[in-house]
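# Dropping the sequence and predicted coords here.
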Amino acid sequence: MNRAAFVPVAALVIATQSCRSNDTSAGAREAFGTEILVLSDRSSACSDCIRLSETVVLGDTAGDGYVVHTDYVVRDSLGNYWLGQYKDMIKVFDGKGRYLRRVGRAGGGPGEFSIPMPMYADASGRVHVLDPSLARETLFRRDFEVDTVRPFPAGMMRAVPLRDGHRYVANAPQLLTADGIGLPLHLTRGRDVVRSFGTSGTGIVSPFSLVRVVATDAHGRIFSTWPFDYLIEIWADDGRRLAAFQGPTLSEVAPQPGAFTDDHPPVTKVIAMQADAEGRLWVLIWRVKKDWRANMREVPMSGGRTILQPNDGLLNHMYDSRLDVLDLTTGTIVARWTGNRLFGAFTDEARLVEFRVLRGGTPQLALWRYGLENAR
């Protein structure tokens, strides 16, 4: 999340068009009873004005600095990088990519974790770390000591902070409060779910359809989309939908939960979003490669069923990355970049996280600064 400034949604001036679909999100559209603003995916969108530059590589080939693929990377006030490792500790590297130390260990006491997820560094220099398994948030000082431990709702799938430093927007279908059943977005404060919103229509709603990609801006606005339908919705923190923008079709194949097969291929999907300081929204998309099937191996299962898995388990055999830059004041995709890299997340200060694997199989994370130049 960054400190972006957005033009007020009321100032948006773009042509509107009613939008209907029979996909999973159609119920949400009908439930609002409002028009959806269709993004102009013009052919003149700039294809060479997105600038990417690698800034640092994290992860040693051996020893304590070995890393795993993670979406949770936070840069603290001293320029150090905190990496969640999907197990009981965090690994910290300095600004030049040198391994410094680990933070945390297994357990339930202060500074102990089950699955720590670094979220952001606040204005006081503290790093905020969520652990949904232990239902709490831990704040670390610059000296890596615990400052504060606060409760947090269990069952969270994704979460992004609001800039007040006390609230999160969680995408957590498991947060089944009396007012939250079947709703994808939950505003939390401490252990409490303050508000649930983002209706998904009527009838039985599967957890699969409730998954959202979420971002926020410095004004408390909330951006969400279902990964497989490029419908960007903008919400106020009181649960009101302020606007909605329909992007281009991502895939002609309907998404399905479960393992990949020839009848159930991978589909192009939205992975992350980030607002920039000029009031634009950056959307990170994984685009299925044309030759994805050639990079898969067949795995026989019981009952004669065969599933497909990427060679060496690497997702970059299946996907390229695509960046779309949305100007929501004009309803236009103003720039687009596509390349053979597997970016997995945005971090603070206009950086992308790339997961890569060295020839010998060692995983590393590369951080890339991104920006926009000369967009029309």
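In hand now; what should we look at? Numbering: from 1, shown residues only.
# how about the helix or strand containing residue 369: buried residues?
Element membership for residue 369, per DSSP states H and E: strand 363-372. Across strand 363-372, burial judged by 16 or more other CB atoms under 10 Å covers 363, 364, 365, 366, 367, 368, 370, 372. The way it works is simple: take the backbone N, C-alpha and C, and place the C-beta from them, glycine included.
# Which pair of the residues you listed spans the longest distance?
363 and 372 (29.6 Å; CB to CB).
# What is the neighbour count of the nearest residue to residue 355 once chain neighbours are set aside?
Spatially, and ignoring its direct neighbours in sequence, residue 355 is nearest to residue 69 (4.7 Å; CB to CB, 6 or more residues apart in numbering). Neighbourhood size, residue 69 [other CB atoms under 10 Å]: 18.
# Surely residue 69 forms part of a helix?
No: counting by DSSP: H, G, I helix; E, B strand; the rest coil, residue 69 falls outside a helix, being coil.
# got a list of what it touches?
344, 355, 363, 365 (CB atoms under 8 Å, 6 or more residues apart in numbering).
# separation between the second one and residue 363?
Here the distance between residue 355 and residue 363 works out to 7 Å (CB to CB, to the nearest Å).
# that older thread, just give me the closest of the buried residues of strand 363-372 to residue 135.
residue 365 (27.5 Å).
# Skipping its backbone neighbours, what lies nearest the closest one in space?
residue 58 (4.6 Å).
# Can you read off the pLDDT for that neighbour?
Residue 58 is assigned 97 on the pLDDT scale.
# can you count the residues close to residue 147?
Neighbours of residue 147 (other CB under 10 Å): 15.
# Was I right to think it contacts residue 128?
No: using CB atoms under 8 Å, residue 147 is not in contact with residue 128, being 9.8 Å away.
# shared neighbours of the two, anything?
The contact lists of residue 147 and residue 128 share residue 139, where a contact means CB under 8 Å, 6+ apart.
# hang on, isn't residue 221 packed against residue 238?
No: at 11.3 Å, residue 221 and residue 238 do not qualify as touching, with contact defined as CB under 8 Å.
# which of these two has more neighbours?
residue 221 (20 against 10).
# ok, now how distant is the more buried one from residue 231?
To residue 231, residue 221 is 16 Å away according to CB to CB.
# how close does the most centrally placed residue in the chain sit to residue 340?
Closest to where the C-alpha atoms of the chain average out (CA atoms, centre = their mean) is residue 272, at 3.4 Å. Taking CB to CB as the measure, residue 272 falls 18 Å from residue 340.
# Do a quick rundown of the helices in the protein.
Per DSSP state H, the chain carries helices over the ranges 26-32, 207-210.
# between those, which has the poorest average model confidence?
helix 26-32 (a mean of 41).
# Pass me the low-pLDDT residue ranges in this protein, would you?
1-34, 42-44, 173-176, 200-205, 375-376 (pLDDT under 70).
# And stretch 78-98, end to end?
Criterion CA to CA, to the nearest Å; first-to-last residue distance in stretch 78-98 is 14 Å.
# give the contact list for residue 246.
19, 36, 37, 38, 39, 230, 231, 232.
# who's the second one bridged to?
I take that to be residue 36. Under DSSP bridges, the beta-bridge partners of residue 36 are residue 17.
# right, and it touches residue 230 too?
No: counting by CB under 8 Å, residue 36 does not reach residue 230; the two are 11.0 Å apart.
# of the two, who's got more company?
Counted by other CB under 10 Å, residue 36 and residue 230 do not tie: residue 230 has more neighbours, with 25 against 20.
# residue contacts, that one?
Counting by CB under 8 Å, 6+ apart, the residues that residue 230 touches are 39, 246, 247, 248, 249, 250, 270, 283.
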